[in-house]
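A.B. asks: This is a predicted model, with the sequence first.
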Amino acid sequence: MSAPTWTTQELTAEHEKARKDYADLVARGLKLDLTRGKPSARQLDLSNPMLDFDGAAVDAKGTDLRNYGGLHGLPELRAIFSEALQVPVEQLLAAGNSSLELMHDAIVFALLGKVPGAERRWVEDEVTFICPVPGYDRHYGICERYGIKMVTVAMTPTGPDMDAVERLVADDPRVKGIWCVPKHSNPDGVTYSDETARRLAAMPTAAPDFRIFWDNAYAVHDLTDEPAEIADMLALCAEAGNPDRAFVFGSSSKITFAGAGVAFFGSSAANVEWWLSHTVKRSIGPDKINQLRHARFLRDAGGLREHMRQLAALIRPKFEAVDKILSAELGGTGLASWTNPTGGYFISLQVPEGCARAVVAKAKEAGIALTPAGATFPYGDDPDDRVIRIAPTFPELPEIEAAITGLAVCVRLVGTEKLLG
Ligand code: PLP
């Protein structure tokens, strides 16, 4: 974002124009929602064939999937997701419908039962997690719920600021984990470089039981024909002599049905055994019928890729529209910069320092609901008050166009007001 070069007179005129545009916007009485990254109805429709289930509910070995059992999840489905999540099939578990649930459980299991390599349960320490910011609000929610202290490090175009991460983990054994969304991160759309992944896997940590929460939520969610690639984190950890360092999470929430997908956990053999030692107490097996529905629908890794291409064709025009409107309305004003991601679910808009809350409030008054400013930071506190997360997937194109055009008016109004002092 380069500083605007308006004279005071020009700035006053810009502000007056923004005030008039804002009054017109409010008068339109819009009711638009860009808050959460949800698939649109048309995206969900692509997976509707899953609802027509016929044939026997048996796996490749003839096991009756209607019954209890199968704690690891359906082998055929694990095989389909093994490549995308970069986890060998035997170390990949297919579970319920939500990967967030698995991340929550991983924290609870680590608090109450010793993870491999731990000297004691995390509940006996004042646990700290590293949070690259901006990041995913629900990761922070889990930490807050369980009294885990959060320290932030800045996101860079290649992943978290690794110098800062290495400093934090080096001396303090209470620093037990880091949240990572390694591909098309929420909300910045950053894909970690191989060097970042290598440093995460190899860095010396004071905690022998340090864990990387590798939340690969957007593993196959590419918007271009050249998919972004990330390093194989489990392999890197093993090579670096830290085989148990990473927990890999993923799900089909934004592939098939967000409320009825399948979530995955992958890790070293020791971690998988530890995981199963806990989950065996809480369930006699996952919903294998839903897993079978997914396996039949997606067929194989190629089928998954083809399905993602169809989804991208629905999502891409929405991302392009946001970029086009922001460029037309705010380009060259110095009042905003924004990401142009190659995948994932979000666009991150940066406004002048101290303006994000006011922009979101003005948008709300005009009937445009946005993710609360600050939500992408622990405790809801963006210290610079600059980041606004835009989630363009759920609304249809005309609604997005109206909402982003309105949002741009709010940025111009608040931004010029700030410059006028
Ligand atoms: N992880 C990230 C980074 C997300 O952005 C989201 C949803 O927005 C999730 C996890 C939620 O995943 P699930 O639906 O599998 O619980």
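C.D. replies: Everything's here; your move.

A.B. asks: now the strands for the protein?
C.D. replies: Shown for the chain, the strands assigned by DSSP state E span residues 32-34, 92-94, 128-133, 149-156, 159-160, 175-180, 211-215, 246-251, 263-266, 337-338, 347-350, 368-370, 387-390.

A.B. asks: Tabulate these (a markdown table), appending mean pLDDT.
C.D. replies: Below are the strands of the chain laid out as a markdown table (pLDDT from 0 to 100):
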| stretch | mean pLDDT |
| --- | --- |
| strand 32-34 | 91 |
| strand 92-94 | 98 |
| strand 128-133 | 98 |
| strand 149-156 | 98 |
| strand 159-160 | 98 |
| strand 175-180 | 98 |
| strand 211-215 | 99 |
| strand 246-251 | 98 |
| strand 263-266 | 98 |
| strand 337-338 | 98 |
| strand 347-350 | 97 |
| strand 368-370 | 96 |
| strand 387-390 | 96 |
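
A.B. asks: Of all these, which one comes closest to the ligand?
C.D. replies: strand 246-251 (3.1 Å; CB to the nearest ligand atom). From N, CA and C alone the C-beta is placed, and that goes for glycine too.

A.B. asks: How far off centre is stretch 398-414?
C.D. replies: Stretch 398-414 has its C-alpha centroid displaced from the chain centroid by 24 Å (CA atoms, centre = their mean, to the nearest Å).

A.B. asks: now do stretch 124-142
C.D. replies: For stretch 124-142, the distance to the chain centre is 14 Å (CA atoms, centre = their mean).

A.B. asks: still on that earlier bit, I'd like the strands of the chain as TSV, with distance to Leu298 and mean neighbour count appended.
C.D. replies: What follows is those, written out as TSV (distance: least, CB to CB, whole Å; neighbours: other CB atoms under 10 Å):
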stretch	distance to Leu298	mean neighbour count
strand 32-34	29	20
strand 92-94	12	25
strand 128-133	31	22
strand 149-156	31	17
strand 159-160	29	26
strand 175-180	25	25
strand 211-215	21	25
strand 246-251	13	27
strand 263-266	13	26
strand 337-338	33	17
strand 347-350	28	22
strand 368-370	33	22
strand 387-390	29	26
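
A.B. asks: which non-adjacent residue is nearest the residue of the stretch 301-421 of the chain found nearest the ligand?
C.D. replies: Per CB to the nearest ligand atom, Tyr345 is where the stretch 301-421 of the chain lies closest to the ligand, at 6.4 Å. The shortest distance from Tyr345 to any non-neighbouring residue, by CB to CB, 6 or more residues apart in numbering, is to Gly37 (3.8 Å).

A.B. asks: ok, so what distance separates the one you found from the ligand?
C.D. replies: Remark: distance between Gly37 and the ligand (CB to the nearest ligand atom, to the nearest Å) = 5 Å.

A.B. asks: What pLDDT is listed against that residue?
C.D. replies: On pLDDT, Gly37 comes in at 90.

A.B. asks: Pop out the phi and psi values for it.
C.D. replies: Main-chain torsions, Gly37, degrees, to the nearest 10: phi -80, psi 80.

A.B. asks: Neighbours of the residue lying closest to Gly380 once chain neighbours are set aside, how many?
C.D. replies: Excluding its sequence neighbours, the residue lying closest to Gly380 (CB to CB, 6+ apart) is Gly374, at 4.4 Å. The burial count assigned to Gly374 is 21, neighbours taken as other CB atoms under 10 Å.

A.B. asks: quick one: Gly374 from Leu304, how far?
C.D. replies: 35 Å (CB to CB, to the nearest Å).

A.B. asks: Which positions in this structure make contact with the ligand?
C.D. replies: Residues of the chain lying near the ligand by CB under 6 Å from any ligand atom: 37, 98-100, 136, 181, 186, 215, 217, 251, 253, 263.

A.B. asks: Buried ones only from those, please, as a PyMOL command.
C.D. replies: This is the PyMOL syntax for the buried subset of the residues of the chain next to the ligand, where burial follows 16 or more other CB atoms under 10 Å:
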select buried, resi 37+98+99+100+136+181+186+215+217+251+253+263
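
A.B. asks: closest to Glu239 among the residues of the chain next to the ligand?
C.D. replies: Of all the residues of the chain next to the ligand, Glu239 sits closest to Asp215, with 21.6 Å by CB to CB.

A.B. asks: Run through the bridge partners of the closest one.
C.D. replies: For Asp215, the beta-bridge partners are Phe249 (DSSP bridges).

A.B. asks: what's near enough to touch it?
C.D. replies: If you count contacts by CB atoms under 8 Å, 6 or more residues apart in numbering, Asp215 has them with 99, 103, 136, 139, 179-182, 249-250.

A.B. asks: Now do the nearest residue to Asn186 once chain neighbours are set aside against Asp323, distance only.
C.D. replies: Spatial nearest neighbour of Asn186, chain neighbours left out: Tyr136 (4.6 Å); criterion: CB to CB, 6+ apart. As judged by CB to CB, Tyr136 and Asp323 stand 22 Å apart.

A.B. asks: Could you give the number of residues near Arg198?
C.D. replies: By other CB under 10 Å, 17 other residues sit near Arg198.

A.B. asks: Also Arg121?
C.D. replies: Using other CB under 10 Å, Arg121 is surrounded by 15 other residues.

A.B. asks: Leu111 is in contact with that one, correct?
C.D. replies: Yes: between Arg121 and Leu111 there is a contact under CB atoms under 8 Å: 6.4 Å.

A.B. asks: which residues does the residue of the stretch 301-421 of the chain closest to the ligand contact?
C.D. replies: Shown in contact with Tyr345 (CB under 8 Å, 6+ apart): 37, 184, 186, 218, 221, 254, 391, 393.

A.B. asks: and the longest helix along the chain, what does it pack onto?
C.D. replies: The residue-count maximum for a helix in the chain (DSSP state H) belongs to helix 301-330. Using 3 or more CB pairs under 8 Å, 6 or more residues apart in numbering; DSSP states H and E, the elements in contact with helix 301-330 are helix 41-45, helix 75-85, helix 288-298, strand 337-338, strand 347-350, helix 397-420.

A.B. asks: for that helix, which positions count as buried?
C.D. replies: So helix 301-330, judged by 16+ other CB under 10 Å, has buried residues 304, 307-308, 311-312, 315, 318-319, 321-323, 325-326, 329-330.
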